[in-house]
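Novice: Okay, here's the prediction I keep looking at, along with the sequence it came from:
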Amino acid sequence: RQQMPGATDQMTPRPDHGERSYKGSGKLTGKVAIITGGDSGIGRAVAIAYAREGADLLIAYLSEDEDAQQVKAVVEAEGRKAVLVPGDLSRPDHCRNVVARAVEEFGAIDILVNNAAHQATFQDIGEISDEEWQTTFAINIHAMFYLTKAAVPHMKPGSAIINTASVNSDMPNPILLAYATTKGAIQNFTGGLAQMLASKGIRANAVAPGPIWTPLIPSTMPEDSVKNFGKQVPLGRAGQPAELATAYVMLADPLSSYTSGTTVAVTGGKPFI
Ligand code: NAD
């Protein structure tokens, strides 16, 4: 992936996905999880944590690369399965295929993590092409809907859906207008879905990350934002993907049986980028 002009490796520390730090304790033993965007950044940390908690995984991501193979190796080292499904989730048929593949491999789905996203920055509304606007919605919103719709019939009571929202869900950064609009919608979708699926015993929640060091940041944010990334939050730094994984584990844990329809903010003390 390209870095934005001016961004350097010094500005963007290597993401820590918890390979060394996350130790599981069997919270998700025997569960099957679909994680979109599970090859990179936050999704990758969630994949590693879920495998260490005992889950088998289907990891859906855009295109075949070394990252996905590395995640698969970590998951298999735990004695868990990782089915890799590259492909463009902006295509509804691909979303349905992802779910069908999980059912074919594992027979059921216990956890669906809708996490893949597209983001781009613009200084003015006139710069946002129709195609860019539609792509942002196709990946961030429509894929979440198609995956959820296809997965629910295969989810038993006790299953969980977790959607990745953002600090931008409540506090839109204007340079992220299209992205922030979708992130607001993810929260509303999650709240409505939780009510709709309650009678089936399926929980739906969101995680709203603050500034997190992932490949998304240097590849999409302007130089000054990258330079100051995370400096405004009380902890004084951006978070690492590994520091989010516990929120996704908590929301997937069957013991969190009364937690539904909420958003867990993981923002370093204050929802402000
Ligand atoms: P990332 O770039 O590391 O990961 C994005 C993932 O989305 C990749 O795995 C990519 O393969 C996948 N993806 C993108 N387009 C796709 C498509 N068309 N089809 C299939 N997969 C596609 O970024 P990240 O920061 O880990 O982002 C993960 C989630 O966290 C996103 O929902 C993002 O909006 C959210 N988030 C990130 C931050 C942050 O500061 N990094 C803050 C708030 C929210």
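Specialist: Yes, it's here. Computed from a predicted model, the values in this text were never measured in an experiment.

Novice: All the helices of the stretch 151-273 of the chain, in order from the start?
Specialist: With DSSP state H, counting those that start in this stretch, the ranges of helices along the stretch 151-273 of the chain come out as 177-197, 216-220, 223-227, 245-252.

Novice: Of the ones you listed, which is nearest the ligand?
Specialist: Proximity to the ligand, assessed across these by Cβ to the nearest ligand atom, is greatest for helix 216-220 (3.4 Å). For every residue, glycine as well, the C-beta is placed using N, CA and C.

Novice: most tightly surrounded among the helices of the stretch 151-273 of the chain?
Specialist: helix 245-252 (a mean of 22; mean count of other Cβ atoms under 10 Å).

Novice: ok, which residues in this structure are in contact with the ligand?
Specialist: 36-37, 39-43, 61-62, 88-90, 115-119, 139, 164, 166-167, 209, 211-212, 214-217 (Cβ under 6 Å from any ligand atom).

Novice: Just send the helices of the stretch 151-273 of the chain back as JSON lines, with mean pLDDT too.
Specialist: Rendered in JSON lines, the data for the helices of the stretch 151-273 of the chain read as follows (pLDDT from 0 to 100):
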{"stretch": "helix 177-197", "mean pLDDT": "98"}
{"stretch": "helix 216-220", "mean pLDDT": "94"}
{"stretch": "helix 223-227", "mean pLDDT": "93"}
{"stretch": "helix 245-252", "mean pLDDT": "98"}
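
Novice: Quick one: closest of those to Lys156.
Specialist: Ranking those by proximity to Lys156 (Cβ to Cβ) places helix 177-197 first, at 11.9 Å.

Novice: helices and strands around the closest one, which ones?
Specialist: helix 130-137, helix 143-151, strand 160-164, strand 203-209 (3 or more Cβ pairs under 8 Å, 6 or more residues apart in numbering; DSSP states H and E).

Novice: Only the buried subset of the residues of the chain next to the ligand, as a ChimeraX command please.
Specialist: With 16 or more other Cβ atoms under 10 Å as the criterion, this ChimeraX line picks the buried residues out of the residues of the chain next to the ligand:
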select :36,37,39,40,41,42,43,61,62,89,90,115,116,117,118,119,139,164,166,167,209,211,212,214,216,217
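
Novice: Which ones among the residues of the chain next to the ligand lie within strands?
Specialist: Where the residues of the chain next to the ligand overlap with strands, as defined by DSSP state E, the overlap consists of Thr36, Tyr61, Thr164, Pro209.

Novice: right, and the pair among those residues with maximum separation?
Specialist: Maximum pairwise distance in those, criterion Cβ to Cβ, is 17.9 Å, between Tyr61 and Pro209.

Novice: count of residues packed around the residue nearest to Gln187 when sequence neighbours are not counted?
Specialist: Using Cβ to Cβ, 6 or more residues apart in numbering and skipping residues adjacent in sequence, the residue nearest Gln187 is Ser169, 4.6 Å away. The criterion is other Cβ atoms under 10 Å. On that basis, Ser169 has 23 neighbouring residues.

Novice: residues contacting Ser169?
Specialist: When contacts are counted by Cβ atoms under 8 Å, 6 or more residues apart in numbering, Ser169 touches Ala180, Lys183, Gly184, Ile186, Gln187, Ala206, Ala208, Thr263.

Novice: wait, the fourth one sits on Ile162?
Specialist: When you say that, I think you mean Ile186. No. With contact taken as Cβ atoms under 8 Å, Ile186 and Ile162 are classed as non-touching, separated by 10.8 Å.

Novice: Spit out the residues that contact the two alike.
Specialist: If you check Ile186 and Ile162 against Cβ under 8 Å, 6+ apart, the residues they both contact are Asn114, Ala206.

Novice: returning to that earlier point: any chance of the helices of the stretch 151-273 of the chain in JSON lines, with distance to Ala238 too?
Specialist: Output for those, formatted as JSON lines (distance: least, Cβ to Cβ, whole Å):
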{"stretch": "helix 177-197", "distance to Ala238": "17"}
{"stretch": "helix 216-220", "distance to Ala238": "8"}
{"stretch": "helix 223-227", "distance to Ala238": "10"}
{"stretch": "helix 245-252", "distance to Ala238": "16"}
